[in-house]
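1. sharing a model that was predicted from the sequence below.
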Amino acid sequence: MALRSCRCAFRSGPSHARPSVAVCARFRGQPLMVHAVCGASPSAKVLLTREAGKNDKLREALSSKGFTCIELPLIEHRDGPDRAQLPSQLLSASQGQYDWVAVTSPEAAAVVLEGWQAAGKPQIRVAAVGGGTADVLRQGGITPDYVPSKALGKVLGSELPRLPGGCGRVLYPASARASSDLQDSLAAAGWEVTRINTYDTCSVTSVPPEALQAALSAQVVTYGSPSAVKAWVGLVGRQAANERVNACIGSTSAKACASAGITQHVVYPEAPGVEGWADAVERGWRERLEQGQEVAKEQVAKEQVAKEQVAAA
């Protein structure tokens, strides 16, 4: 499995000017170093774990902030049990049997586009959960008719507008592993939902040793789905995962971290999205540096007390 990296010096500024310290954690004998250099924060390495070809926007956002990115895809997508139904269901949507087609992720958008093309590109009314999903749809030829105020399924469900004379039904082409958040919020708002599981997200269970070794040099790991969390913990274990900053795209992946035993250094944006995700990486790394400085100060203070006690004796 290929690894790609991009490098860019970390931007300096007044907020980064702090004394030099070094904190070292261990994973199976391999050092994980966190340094703060006087006058500037260092360029941390960030592991990107989305499937191949889906990490470009996050890499660009992180590189602009001065991070070094390493790519190790930890998830892959497969057809779901209802994939074959999608073209006919989209045709039904174009014929008024559904008011909306709800699309809740970039991968779901790619799947919908394939089904839409197979159906002959019918006219359908689409609600996209957020900007990233909407962008994928637009690039494929579908302009979303609605995007909610926050990129969350439950928000889409609660805000989705009613259509005058509509049938009150929503088609939801989903991942087989997607939560019921969107369905529940739509049902609570009075919609009738037809969910079809069009694809499945699977965790990668093994990677080449050299690729894993390179990935372990990262101080920050990013997760775009619960499956990525599961894959990383399965490969390196809870201890190694907790030694790094764990930056999630949103609260769902953060909850998956807790379920997997990752309880340290977990950060995520309030609203899912690449820019917020990149900001969460930066925030988590700064917090980790500050924590390291406090540990170093405490150690220096203890050593000073010990020296004074020896001198007094």
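-> That came through, no problem.
2. could you report the neighbour count for residue 263?
-> Residues within reach of residue 263, counting by other C-beta atoms under 10 Å, total 12. Placement of C-beta: from N, CA and C, glycine included.
3. how about the residue lying closest to it once chain neighbours are set aside, what does it touch?
-> Counting by C-beta to C-beta, 6 or more residues apart in numbering, residue 263 lies nearest to residue 242, which is 6.6 Å off, once chain neighbours are set aside. By C-beta atoms under 8 Å, 6 or more residues apart in numbering, residue 242 lies in contact with 261, 262, 263, 264, 265.
4. now do the strands in the protein.
-> 5-6, 21-27, 30-36, 45-48, 68-71, 75-79, 100-103, 126-128, 169-175, 192-203, 220-223, 245-248, 266-267 (DSSP state E).
5. for the ones you listed, which has the smallest mean pLDDT value?
-> In terms of mean pLDDT, the lowest-scoring of the strands of the chain is strand 21-27 (a mean of 31).
6. just the buried ones from the contacts of residue 242, in ChimeraX syntax?
-> Buried residues within the contacts of residue 242, by 16 or more other C-beta atoms under 10 Å, are selected in ChimeraX with:
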select :262,264,265
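7. turn the strands of the chain into CSV, including mean neighbour count and distance to residue 209.
-> Formatted as CSV, the strands of the chain follow (neighbours: other C-beta atoms under 10 Å; distance: least, C-beta to C-beta, whole Å):
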stretch, mean neighbour count, distance to residue 209
strand 5-6, 14, 18
strand 21-27, 14, 14
strand 30-36, 16, 12
strand 45-48, 26, 16
strand 68-71, 24, 15
strand 75-79, 15, 19
strand 100-103, 27, 38
strand 126-128, 26, 40
strand 169-175, 24, 30
strand 192-203, 19, 18
strand 220-223, 29, 18
strand 245-248, 28, 23
strand 266-267, 21, 27
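8. take those strands and write them to JSON lines, including distance to residue 91.
-> Listed next are the strands of the chain as JSON lines, based on distance: least, C-beta to C-beta, whole Å:
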{"stretch": "strand 5-6", "distance to residue 91": "43"}
{"stretch": "strand 21-27", "distance to residue 91": "52"}
{"stretch": "strand 30-36", "distance to residue 91": "53"}
{"stretch": "strand 45-48", "distance to residue 91": "37"}
{"stretch": "strand 68-71", "distance to residue 91": "38"}
{"stretch": "strand 75-79", "distance to residue 91": "19"}
{"stretch": "strand 100-103", "distance to residue 91": "11"}
{"stretch": "strand 126-128", "distance to residue 91": "14"}
{"stretch": "strand 169-175", "distance to residue 91": "11"}
{"stretch": "strand 192-203", "distance to residue 91": "13"}
{"stretch": "strand 220-223", "distance to residue 91": "36"}
{"stretch": "strand 245-248", "distance to residue 91": "37"}
{"stretch": "strand 266-267", "distance to residue 91": "43"}
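9. got the contact list for the residue lying closest to residue 203 once chain neighbours are set aside?
-> Distances taken as C-beta to C-beta, 6+ apart put residue 231 closest to residue 203, at 3.7 Å, once the chain neighbours are dropped. Residue 231 sits next to 49, 74, 75, 203, 204, 205 when contact means C-beta under 8 Å, 6+ apart.
10. contacting residues around the fifth one?
-> Going back to what we said before, that points to residue 204. Residue 204 neighbours (C-beta under 8 Å, 6+ apart): 1, 73, 74, 75, 76, 231.
11. quick one: buried residues of stretch 155-173?
-> Neighbour-count burial for stretch 155-173, with 16+ other C-beta under 10 Å as criterion, is recorded at 155, 156, 157, 158, 159, 160, 169, 170, 171, 172, 173.
12. put the alpha carbons of it into CSV.
-> Presented in CSV, the C-alpha positions along stretch 155-173 are these (Å, rounded to 0.1, in the frame of the first residue of the first chain):
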residue,chain,number,x,y,z
VAL,A,155,-29.6,18.6,11.4
LEU,A,156,-30.5,17.8,7.8
GLY,A,157,-33.4,15.7,9.1
SER,A,158,-34.7,18.4,11.3
GLU,A,159,-34.3,21.2,8.8
LEU,A,160,-35.3,19.5,5.5
PRO,A,161,-38.1,21.8,4.0
ARG,A,162,-41.5,20.5,3.1
LEU,A,163,-42.7,20.8,-0.5
PRO,A,164,-46.2,22.1,-1.3
GLY,A,165,-48.2,19.2,-2.6
GLY,A,166,-45.3,16.8,-1.9
CYS,A,167,-45.6,13.1,-0.9
GLY,A,168,-43.6,13.5,2.4
ARG,A,169,-41.2,10.7,1.5
VAL,A,170,-37.4,10.7,1.4
LEU,A,171,-35.0,8.3,-0.3
TYR,A,172,-31.9,7.7,1.8
PRO,A,173,-29.1,5.9,-0.1
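13. chain center to it: distance?
-> Stretch 155-173 sits 27 Å away from the centroid of its parent chain (C-alpha atoms, centre = their mean, to the nearest Å).
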